[in-house]
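S.K.: coords below, sequence missing:
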């Protein structure tokens, strides 16, 4: 049987100080991104902060950092082998998790500076490779090439390491060395600004949403691209800063229809639906999605579903539909941490395996790092997902 290739399309728009992007697969919205110019994300930003409180029992500290006129506190878990800094000590930290609910943003002292081919790790000499480089010989070759590039630009002599991204496959040795040198220069600039800082302040900020998507997603996902209004110019500028982006320029079109882009493709309707905890399934069932402090619970309900000759067939058919939609909602809502999906109980092991296979196949389309366990006898599928 011949499998049809997935049709993918990126949509970009910007208005009222907000950048928005969406990825469609076979005309279904599977990823949504937005960023406000008034409140850009803190994740990835590097700060010079001041230790406020030391929590010896947790081997952690709270650090005060400042972005513009806003001062806030972040939680920093210190590595077990490292001594705890004293109160009022200056530290360089990077935000690796935004504030969620009652939890403060989380930070790390393990700075990472992402490029297109590599991620520089200034405070670690380790040379590694992406786990998405599946072949062991490919990973080994990537590490050798990266090691040479770091040595050539002087990073190795400073104890600076890096991680090879999957795009290293497309890099020439000259391009690889140039990016390592550029990222090393960026780190030197951060160190200099930190030395001059008289108070907590931001030292380095991630690129805007469009530039990050070009670097991290568009170059790895084959898709057509449609951009509206000012976003077209911004996107072209972001593309021009990336190597090997000729094919993306060719795939990018300016949307000129008077009806707004996101309205035309139904993205606004999908975005509004994300505020609801209930998701209707084809045929009458539904998903109930509840996010708690500890985990995300997704419950599969029969609701008004009346298909199937008997309960076993009803449970199987509805669970298959629910598995596909649950995987899509996890990706679309960018759910993270521990996620538990409560499927309708199936006594037949073969039926559980069928649903398992569908769920695993749909989750494999998600670019986030996911670890999933098989459905157990209680009908529970448990997984962990790293937030995109």
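M.R.: Here it is on my side, so go on. Quick caveat: nothing in here was measured; it's all calculated off a predicted structure.
S.K.: show me what the longest helix belonging to the chain packs onto, helices and strands only.
M.R.: For the chain, the helix with the greatest residue count under DSSP state H is helix 173-196. Applying 3 or more C-beta pairs under 8 Å, 6 or more residues apart in numbering; DSSP states H and E, one finds that helix 173-196 contacts strand 46-55, strand 90-97, strand 113-114, strand 118-121, helix 136-152, strand 201-204. C-beta coordinates here come from the backbone N, C-alpha and C atoms, glycine included.
S.K.: angle of that helix against helix 136-152?
M.R.: Computed with axes from the mean of the first three to the mean of the last three C-alpha atoms, to 10 degrees, the direction of helix 173-196 lies at 60 degrees from that of helix 136-152.
S.K.: can you give me the buried ones in helix 173-196?
M.R.: Going by neighbour count (16 or more other C-beta atoms under 10 Å), the buried part of helix 173-196 is 175-181, 183-184, 187, 190, 193-194.
S.K.: so who does the closest residue to residue 121 other than its chain neighbours touch?
M.R.: In this structure, residue 121 finds its nearest non-sequential neighbour in residue 161, 4.7 Å apart by C-beta to C-beta, 6 or more residues apart in numbering. Shown in contact with residue 161 (C-beta atoms under 8 Å, 6 or more residues apart in numbering): 120-121, 124-128, 150, 155.
S.K.: switch to 10 Å and redo it
M.R.: Going by C-beta atoms under 10 Å, 6 or more residues apart in numbering, residue 161 touches 118-128, 146-147, 150, 155.
S.K.: output the lowest mean pLDDT helix or strand found in the chain.
M.R.: Within the chain, no helix or strand scores below helix 246-251, which has a mean of 81 by mean pLDDT, DSSP states H and E.
S.K.: that one: how far from the chain's middle?
M.R.: From the chain centre to the centre of helix 246-251 is a distance of 23 Å (C-alpha atoms, centre = their mean, to the nearest Å).
S.K.: what does stretch 100-115 give?
M.R.: Its chain's C-alpha centre and that of stretch 100-115 lie 13 Å apart, by C-alpha atoms, centre = their mean.
S.K.: coming back round to it: show me which of the contacts of residue 161 are buried.
M.R.: Burial by neighbour count, judged by 16+ other C-beta under 10 Å, picks out 118-122, 124, 127-128, 146-147, 150, 155 from the contacts of residue 161.
S.K.: with pLDDT and distance to residue 12 added, can I get those residues in CSV?
M.R.: As requested, the buried ones among the contacts of residue 161 are exported to CSV (pLDDT from 0 to 100; distance: C-beta to C-beta, whole Å):
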residue, pLDDT, distance to residue 12
118, 95, 26
119, 96, 25
120, 97, 28
121, 97, 31
122, 96, 32
124, 94, 35
127, 95, 35
128, 92, 32
146, 96, 32
147, 95, 37
150, 96, 34
155, 95, 34
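S.K.: the residues you listed: which two are farthest apart?
M.R.: 122 and 147 (16.0 Å; C-beta to C-beta).
S.K.: nearest residue to residue 112 other than its sequence neighbours?
M.R.: residue 119 is the one closest to residue 112 (C-beta to C-beta, 6+ apart), at 5.2 Å.
S.K.: can you pull the contacts of that neighbour?
M.R.: Residue 119 neighbours (C-beta under 10 Å, 6+ apart): 112-113, 128, 130, 161-165, 183.
S.K.: residue 348 too?
M.R.: 312, 315-316, 354.
S.K.: and it, how far from residue 260?
M.R.: Between residue 348 and residue 260 the distance is 48 Å, computed by C-beta to C-beta, to the nearest Å.
S.K.: equivalent analysis for residue 105, please.
M.R.: 33 Å.
S.K.: what sits against residue 287?
M.R.: For residue 287, the contact set (C-beta under 10 Å, 6+ apart) comprises 277-281, 298-301, 303, 321-322, 325-326, 328-329, 341-342.
S.K.: can we see that at 7 Å?
M.R.: Contacts for residue 287 (C-beta atoms under 7 Å, 6 or more residues apart in numbering) come out as 279, 281, 298, 300, 322, 325-326, 329.
S.K.: what helix or strand is it located in?
M.R.: Per DSSP states H and E: residue 287 is located in strand 286-291.
S.K.: next one: that strand to chain centre, how far?
M.R.: Remark: strand 286-291 is offset 22 Å from the chain centroid, using C-alpha atoms, centre = their mean.
S.K.: tell me which residues of that strand are tucked away?
M.R.: For strand 286-291, a neighbour-count test (16+ other C-beta under 10 Å) marks 286-287, 289, 291 as buried.
S.K.: off-centre distance for the helix or strand where residue 350 lies?
M.R.: Applying DSSP H and E as the criterion places residue 350 in helix 349-363. Relative to the centre of its chain, helix 349-363 is centred 25 Å away, using C-alpha atoms, centre = their mean.
S.K.: show me where this protein has its helices.
M.R.: Using DSSP H, helices in the chain cover 136-152, 173-196, 209-213, 230-240, 246-251, 261-264, 267-273, 311-332, 349-363.
S.K.: closest to residue 388 out of these?
M.R.: Nearest to residue 388, of these and by C-beta to C-beta, is helix 311-332 at 8.3 Å.
S.K.: what residues does stretch 200-209 touch?
M.R.: By C-beta under 7 Å, 6+ apart, stretch 200-209 touches 19, 21, 33, 35, 44-50, 64-67, 92, 190, 193-194, 212.
S.K.: end to end on it, go ahead and measure it.
M.R.: Taking C-alpha to C-alpha, to the nearest Å as the measure, stretch 200-209 stretches 25 Å from start to finish.
S.K.: near the closest residue to residue 374 other than its chain neighbours, how many other residues are there?
M.R.: Leaving aside its chain neighbours, residue 374 sits nearest to residue 356 (5.2 Å; criterion: C-beta to C-beta, 6+ apart). Look at residue 356: counted by other C-beta atoms under 10 Å, it has 18 neighbours.
S.K.: same deal with the one 5 residues further on?
M.R.: The tally of other residues near residue 361 (other C-beta under 10 Å) stands at 12.
S.K.: same check on residue 8?
M.R.: Using other C-beta under 10 Å, the number of residues around residue 8 comes to 15.
S.K.: picking that back up, return the member of the contacts of residue 287 nearest to residue 54.
M.R.: Residue 54 lies nearest to residue 298 out of those, by C-beta to C-beta, at 38.9 Å.
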